[in-house]
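Student: Got a predicted model here, sequence first, then my questions.
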Number of protein chains: 2
Amino acid sequence: MKITLIGAGNVGYHLGKRLFKKGINIRQVYSRQLINAQFLARKIKAVPVSKFSAIDSKSDLYIIAVKDDAIETVAKVLSRHKGMKRKLIVHTSGAASSEILAKYFLNFGIFYPLQSFSKTRKIRFSNIPICVHASHSKGLKKLNNLGNLISNRVATINDKERAILHVAAVIVNNFTNHLFHLGQHITNEEQLEFDLLKPLIEETVLKIAKYSPLEMQTGPARRNDEKTIKKHLKYLKKFPKYQHLYTLLTKSIQDAHRR
Amino acid sequence: MKITLIGAGNVGYHLGKRLFKKGINIRQVYSRQLINAQFLARKIKAVPVSKFSAIDSKSDLYIIAVKDDAIETVAKVLSRHKGMKRKLIVHTSGAASSEILAKYFLNFGIFYPLQSFSKTRKIRFSNIPICVHASHSKGLKKLNNLGNLISNRVATINDKERAILHVAAVIVNNFTNHLFHLGQHITNEEQLEFDLLKPLIEETVLKIAKYSPLEMQTGPARRNDEKTIKKHLKYLKKFPKYQHLYTLLTKSIQDAHRR
C-alpha cells in the first residue's frame, strides 16, 4: 500500500513514523511549511512537498492529518487533481465529520488515533486505539488492516460514535489536565511543591486500569463530609475562580453516588 | 523504636506493613473490630487488640490512623492511660489539625503519607511523600528518621500547609477520578467502550512528570474552538448535569490561558 500523508503536525508526525516503522511506503509528505515536510520526510524516506499541485495521484491512500478547520480546504483542492476522485481518502480528526470528505470523494473514511500527541513525547503506539470508518466495506477492510499493523486495538466507530468519544475524551483528558493545573497553581502560589501531589495523581490513574472510577471514588464529597467541604471552600476564597468549580464538582460526585 | 498502631484501615494497613518490612517493631495493633486488628497483626507480628484498655504505654510512638472524626475520641481516651502524657503521639490525616492532639498530649505530631490507599491495591511506598510535623524538634527528628526509612520523600509540612495540600489533593485526585467516571458514564450509556479512552488518560498523566499542565493544555477550550464547544454542549443535553460542568471547566481553561 502506497500512502500520501498530508500534514506533518503532531498526528502526522507520529503516524508517519509509526507507519514507516511497520514497513509502509509513504511516498509523499505535504506540509504548508516545506521545512516541516522535510523534517518528517527525512525520517520516513518520503518526498517532502509544500505545494498542493505537487501532490500526485500515484498513492492508494491519502491521509489528511491537518487541523479540523483546514480539512475541507485540503479535500476540495485535492479532489480537483486528476485521478483523485476514486482514491481512498481519510482524515485523522476526532471531532470532524466524515461528511466533509463525502462532498468531494467517492471512497472516504476516518483513521483516528485516539490519543493526544506532542512531538516532544515518544508514544507507545501499540496501545493506541485506532478508530476507523469508511464509506465502503472495501475501504474499511483496508483501514482495518492498516490499523492492525500499527496498533493492537482497532475499532470501527461511526461519525456519531466518534463525536461522543470526542466529548468524553475532552472530559477525561483536557479537563483532567486542567485540574492538574489548578493543583499546580495553588501549590505554586503557596510555595508548596506540586511534586508532592504527583504520586497521588499517578495512583488515581493506575487504579482505573482495574477498577471502575465510581467504585474508587473517595474524598470529602463521597463521604458527605460537609465540615471538610466548608473548610476547603473557605480556603478557596483565595482563589475565587476555583470555588465555583469545587462546589459543582462536589455536587456532581454527591449526585453520582445518590443514583 | 517501638510503635503502637491505632487503626487497621487502609492507611494503618499499608503503613503497618511497610514499617514492619523495614524492620520496625510494631508491638500492638488496635482496631474496633478484633478481626481487622488480627488480620493486620498476623502480617506484622504484632499483638491485636480491640479494647482501648488493652493499649499499653510501653511503645515510643503511637500512630493514630483512624477516620478524622474519631481522632479526638481516640486521643482523649488514650491520654488517660497511665504514662501516656509524655509519649510521642501522631495522626496520619491530611485534613485534621494537629491541635486535636495538643489538647491531650505534650509531644505530638503528624505522620501523613500523601497517597490514596485501598487494601486491594499494592502500592510503591518508596515514592509516597511523607508529610511530617511535630510539636518539638526531638519529635520531628524521630518522625523524619522514620519517614526516611520507608520513603524517599519526607517533607516537613505544618498544619496550614497540610490543609492547603489537602485541598489540592481533593482537586487532583477526587475530582479527576470523578471526571473519569463521567467519561465512563457517557461511554457506557452510549454502548461505547470506556477502555478506548484509557491510553489517553494514561498519557495525560505521564505528561505531567516532565511538563507543566498549563503548557500541556490542549483541546477546544484551549484553542477557543467555539464551534466544537457548542457541538459538545448540544450533545450534552443528553446529560444535563454534565453540561454545566463542561461550561465551567471550559471557561476556567480559557481564563487560565488569558492570564
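Tutor: Received the coordinates, thanks.

Student: now the stretch 1-150 of chain A, which segments are flagged as low pLDDT?
Tutor: Across the stretch 1-150 of chain A, not a single residue meets the criterion (pLDDT under 70).

Student: and if we set it to 90?
Tutor: A:82-83, A:85-86, A:116-124 (pLDDT under 90).

Student: Over to the stretch 151-259 of chain A?
Tutor: Checking the stretch 151-259 of chain A against pLDDT under 90 turns up A:209-210, A:223, A:258-259.

Student: Show me where it has its helices.
Tutor: Here the stretch 151-259 of chain A has its helices, by DSSP state H, counting those that start in this stretch, at A:159-169, A:176-189, A:198-207, A:213-216, A:226-235, A:240-258.

Student: near chain B at all, the shortest one?
Tutor: Yes - judged by C-beta under 8 Å from any C-beta of the partner chain, helix A:213-216 comes into contact with chain B at A:P213, A:L214, A:M216. C-beta coordinates here come from the backbone N, C-alpha and C atoms, glycine included.

Student: How is chain A partitioned into domains?
Tutor: Domain segmentation of chain A under automatic domain parsing yields A:2-157, A:163-258.

Student: Using JSON lines, lay out these together with mean neighbour count.
Tutor: Shown next, in JSON lines, are the domains of chain A (neighbours: other C-beta atoms under 10 Å in any protein chain shown):
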{"stretch": "domain A:2-157", "mean neighbour count": "19"}
{"stretch": "domain A:163-258", "mean neighbour count": "19"}
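
Student: Dump these to a markdown table, plus distance to B:N177.
Tutor: Shown next, in a markdown table, are the domains of chain A (distance: least, C-beta to C-beta, whole Å):
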| stretch | distance to B:N177 |
| --- | --- |
| domain A:2-157 | 19 |
| domain A:163-258 | 5 |
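
Student: For the stretch 1-150 of chain A, which residues are neighbours of chain B?
Tutor: A:68, A:95, A:114-116, A:118, A:120-121, A:123, A:127-129, A:131.

Student: So A:S79 versus chain B, what's the distance?
Tutor: Taking C-beta to the nearest C-beta, to the nearest Å as the measure, A:S79 falls 23 Å from chain B.

Student: List the residues that contact that residue.
Tutor: A:K85, A:Y104, A:F105 (C-beta atoms under 8 Å, 6 or more residues apart in numbering or on different chains).

Student: please redo it, this time with the cut-off set to 10 Å
Tutor: A:S79 sits next to A:K85, A:K87, A:I89, A:L101, A:K103, A:Y104, A:F105, A:L106 when contact means C-beta atoms under 10 Å, 6 or more residues apart in numbering or on different chains.

Student: Pick the one among the residues you listed closest to B:A41.
Tutor: A:L101 (66.3 Å; C-beta to C-beta).

Student: Helix or strand for A:A96, just tell me which one.
Tutor: Following DSSP states H and E, there is no helix or strand that holds A:A96.

Student: Correct me if wrong: it contacts A:F108.
Tutor: No - A:A96 lies out of contact with A:F108 (C-beta atoms under 10 Å); the separation is 11.8 Å.

Student: what do these two both touch?
Tutor: Common neighbours of A:A96 and A:F108, counting by C-beta under 10 Å, 6+ apart, are A:I64.

Student: so which two of the contacts of A:S79 are the farthest from each other?
Tutor: Distance extremes for the contacts of A:S79: the farthest pair is A:K87 and A:K103 at 14.9 Å, using C-beta to C-beta.

Student: Report the contact partners of the nearest residue to A:I123 once chain neighbours are set aside.
Tutor: Of all residues not flanking A:I123 in the chain, A:H14 sits nearest, at 6.0 Å (C-beta to C-beta, 6 or more residues apart in numbering or on different chains). By C-beta under 10 Å, 6+ apart, the residues touching A:H14 are A:L40, A:A65, A:P113, A:Q115, A:F117, A:S118, A:K119, A:R121, A:K122, A:I123, A:F125, A:I128.

Student: who's the third one bridged to?
Tutor: So that's A:P113. A:I130 (DSSP bridges).

Student: In contact with it, which residues?
Tutor: Taking C-beta under 10 Å, 6+ apart as the test, what A:P113 contacts is A:11, A:14-15, A:18, A:65, A:92, A:94, A:123, A:125, A:128-131, A:147, A:150-151, B:199-200.

Student: Strands along chain A, start to end?
Tutor: A:2-6, A:25-30, A:47-49, A:61-64, A:88-91, A:107-113, A:130-134, A:154-156 (DSSP state E).

Student: could you say what helices and strands the first one packs with?
Tutor: Spelled out, it's strand A:2-6. helix A:10-21, strand A:25-30, helix A:34-43, strand A:47-49, strand A:61-64, helix A:68-79, strand A:88-91 (3 or more C-beta pairs under 10 Å, 6 or more residues apart in numbering or on different chains; DSSP states H and E).

Student: A:T250 is nearest to which of those?
Tutor: helix A:68-79 (34.0 Å).

Student: could I have that closest one exported to PDB, CA atoms only?
Tutor: C-alpha atoms of helix A:68-79 as PDB (Å, rounded to 0.1, in the frame of the first residue of the first chain):
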ATOM      1  CA  ASP A  68     -10.100  20.400  11.700                       C
ATOM      2  CA  ASP A  69     -10.700  23.800  10.100                       C
ATOM      3  CA  ALA A  70      -8.400  23.000   7.200                       C
ATOM      4  CA  ILE A  71      -9.700  19.600   6.300                       C
ATOM      5  CA  GLU A  72     -12.400  20.800   3.900                       C
ATOM      6  CA  THR A  73     -10.000  23.100   2.100                       C
ATOM      7  CA  VAL A  74      -7.500  20.400   1.600                       C
ATOM      8  CA  ALA A  75     -10.200  17.900   0.400                       C
ATOM      9  CA  LYS A  76     -11.600  20.400  -2.100                       C
ATOM     10  CA  VAL A  77      -8.200  21.200  -3.600                       C
ATOM     11  CA  LEU A  78      -7.200  17.600  -3.700                       C
ATOM     12  CA  SER A  79     -10.400  16.500  -5.300                       C
END
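
Student: I'd like the distance from it to the chain centre, please.
Tutor: On the basis of C-alpha atoms, centre = their mean, to the nearest Å, helix A:68-79 sits 19 Å off its chain's mean C-alpha point.

Student: Thank you, goodbye.
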